[in-house]
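Q: output the structure for:
(2 chains)
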Amino acid sequence: MAKIITRFPPSPTGNFHIGSARTALFNYLFANHNGGEMLFRFEDTDRERSKPEFEKDIIEGLAWLGLHTAPSAFRQSERTEIYKKHLLKLIENGAAFEAEDSTTTLGMKVVRFKNPNKTVTFHDAVRGDITFDTTELGDFIIARTHDLPLYHLAVVIDDAEMGVTHIIRGEDHISNTQRQLLLIEALGFVRPEYAHIPLILAPDKSKLSKRHGAVSLSEYRAQGFVPEALVNYLALLGWNPGGERELYTLGELEKEFTLDRVHKSGAIFNIEKLTWFNFEHLKQLSNEEYTMRLKEFTGRDVDARIVPLIKERAQTLAEAARLLGEYDFLGAISYAPELLLQGGKIATEVASNHLRALAVLLEPVPDEGFSAAQLKSIIMPYADSQGRGVVLWPLRVALSGREKSPDPFTLAALMGKKETLARIARAVESL
RNA sequence: GGCCCUAUCGUCUAAUGGUUAGGACGGCGCCCUCUCACGGCGCAAAUCGGGGUUCGAAUCCCCGUAGGGUCACCA
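A: Predicted structure coming up:
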């Protein structure tokens, strides 16, 4: 069986769109599942709208997601001669003809395809047979001049020359397929297999676009989403391997992916579910890896000791960055007596006595004994006998200086014996 | 409007003629608890409508209805 070749052909006329990323993912998954490869090219025949910065954004986004393509990236704008050769052939054998420009430019000629006005049927791997009557298309334009081919012509020639066997693209291309089929026939090319995947929809069920909020991959990256989560979530929008499992790595998706399980109907993009996937994948990162990503995300140094605390709470790296500031318990803190007394609910005498008692309790504990579990077993019996609230609250605030924080055992273990006792002493003093 | 596509909880989905229609997100409630989270348990919530076919239909067929895509010298 011939090697399977898919392709991802974005036009660099905007930042890497989330829907485009999913199309790339499906092509990647299908190719790799079958031991083939995904090719990459820029469709920049529209010179006006194509921009280098968009090319950069797309290339970086692809790399960030971990979707490697065959080293064949090129631009359609650099292949004029190839298109010209085929275009001339079409004119020569009468399949295309030059016609007057219908717009204002005088004397200009465009090339139109001579439509045979017939019915075409193609098989779609996700939708079955689809039939069109091409008559309504008329003699559509395929090139502005001999040197400026339009989309349909360039696509068909590139796919044939690159040996593309499977075209997997959004369903907004279904109606484009008829023109391309006609061109493929006229050029004598082999017809590839088609699979039109459902669109990613906005909450109002229309095609997801800028007016609905964030649509480019880089925006999600900036919001603290990790590629593992995007890949996992996007793969499950419009495709499902069956069963109830939801968490997959890119490699696992690759093993499972088949076109016959791609859905027919559009899927609404839901940021909350994406956020859940992000949290799950974030939790699966090792502390070292997590620290690295957080450093990269914030561009600042990260105290590795507090990463485990952040990891179990932050759903995104942006939230982790926020907690990083909030959990800066190790730095200088000051005490507000009202806070130590839980806004007056605890009497000054009571809090101060318990804190003193805790210091006495902790004094004999060796440095190595300052683990959260150890400390809990030492402090809890005392707290239980005296009342948890009046013991634990002042202690936690003494250590964190804050209204909200992790539990006092975790904090004490984090800062060690010396700092713990010093903070308790200072808290007593401030009372 | 023409052509094309689609239709299971609010959302993502499971089910490939036989299930009390399952799971997840979100929501709500309870538990855990010194705080904020995390976590655990539970509840509500769906087969668009109408006809067939069949012993039996979410599933197959037809007709409606609704939604979407596309109708460029853009891709």
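
Q: contacting residues for A:L341?
A: For A:L341, the contacting residues are A:347-348, A:351, A:394, A:431, taking CB atoms under 8 Å, 6 or more residues apart in numbering as the criterion. In this view, the C-beta of every residue, glycine as well, is placed from N, C-alpha and C.

Q: the stretch 151-300 of chain A against RNA strand B: which residues are in contact?
A: Within reach of RNA strand B by CB under 7 Å from any atom of the strand, the stretch 151-300 of chain A has these residues: A:151-152, A:171-176, A:198-199, A:201, A:204-207, A:236-240, A:242-244, A:246, A:261, A:263-268, A:270, A:272-273, A:275-276.

Q: quick check on these: which are buried?
A: Neighbour-count burial (16 or more other CB atoms under 10 Å) applied to those gives A:151-152, A:171, A:174, A:198-199, A:201, A:236-239, A:266-267, A:275.

Q: hang on, the earlier thing: show me just the buried residues among the contacts of A:L341.
A: A:351, A:394, A:431.

Q: and the second one, helix, strand or coil?
A: With DSSP: H, G, I helix; E, B strand; the rest coil as the basis, A:P394 sits in helix.

Q: tell me who's in contact with it.
A: For A:P394, the contacting residues are A:340-342, A:346, A:351, A:354-355, A:427, taking CB under 8 Å, 6+ apart as the criterion.

Q: can you select the buried ones among these for me in PyMOL?
A: Selection of buried members from the contacts of A:P394 for PyMOL, criterion 16+ other CB under 10 Å:
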select buried, chain A and resi 340+341+346+351+354+355+427
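
Q: and which of the contacts of A:P394 is nearest to RNA strand B?
A: A:Q342 (6.9 Å; CB to the nearest atom of the strand).

Q: the closest one looks like it's in a strand, true?
A: No - residue assignment for A:Q342, taken from three-state DSSP, gives coil, which places it outside any strand.

Q: give me the number of residues near the closest residue to it other than its chain neighbours?
A: Closest residue to A:Q342 apart from its sequence neighbours, by CB to CB, 6 or more residues apart in numbering: A:W393 at 5.1 Å. A count of neighbours around A:W393, defined by other CB atoms under 10 Å, yields 21.

Q: about what we covered before: closest to A:H123 out of the contacts of A:L341?
A: Within the contacts of A:L341, proximity to A:H123 (CB to CB) peaks at A:P394, which comes in at 73.1 Å.

Q: got phi/psi on A:L67?
A: The phi and psi values for A:L67, taken as degrees, to the nearest 10, are phi -100, psi 100.

Q: so it makes contact with A:T23?
A: No - applying CB atoms under 8 Å as the test, A:L67 and A:T23 come out as separate, 10.8 Å apart.

Q: tell me the bridge partners for A:E98.
A: A:V111 (DSSP bridges).

Q: wait, it sits on A:M108?
A: No - contact between A:E98 and A:M108 fails when scored by CB under 8 Å: they sit 10.2 Å apart.

Q: would you mind measuring from the residue nearest to A:Q342 to A:G343?
A: Look at A:W393 and A:G343: by CB to CB, to the nearest Å, they are 10 Å apart.

Q: now A:P308
A: Distance, A:P308 to A:G343, by CB to CB: 30 Å.

Q: and the two? which has more neighbours close in?
A: Comparing A:P308 with A:G343 by other CB under 10 Å, the one with more neighbours is A:P308, at 14 against 10.

Q: state the helix or strand in which that one lies.
A: According to DSSP states H and E, A:P308 maps onto helix A:307-311.

Q: with A:A321 instead?
A: Using DSSP H and E, A:A321 sits within helix A:317-326.

Q: say whether RNA strand B is contacted by that helix.
A: No - in terms of CB under 7 Å from any atom of the strand, no part of helix A:317-326 sits within range of RNA strand B; the closest distance is 8.9 Å.

Q: so which residues make contact with the host helix or strand of A:L87?
A: Using DSSP H and E, the element containing A:L87 is helix A:80-92. Contacts of helix A:80-92 from elsewhere in the structure, counted by CB under 8 Å, 6+ apart, are A:76, A:96-98, A:111, A:113, A:142-143, A:146-149, A:153-154, A:157, A:161, A:186-187.

Q: I'd like to know which of those are buried.
A: By 16+ other CB under 10 Å, these give A:76, A:96, A:111, A:113, A:142-143, A:148-149, A:153-154, A:157, A:186-187 as buried.

Q: longest single helix anywhere in chain A?
A: When every helix of chain A is counted residue by residue (DSSP state H), the longest turns out to be helix A:408-430.

Q: give me the helices and strands touching that helix, please.
A: For helix A:408-430, the helices and strands in contact under the criterion 3 or more CB pairs under 8 Å, 6 or more residues apart in numbering; DSSP states H and E are helix A:337-340, helix A:348-362, helix A:372-386, helix A:388-400.
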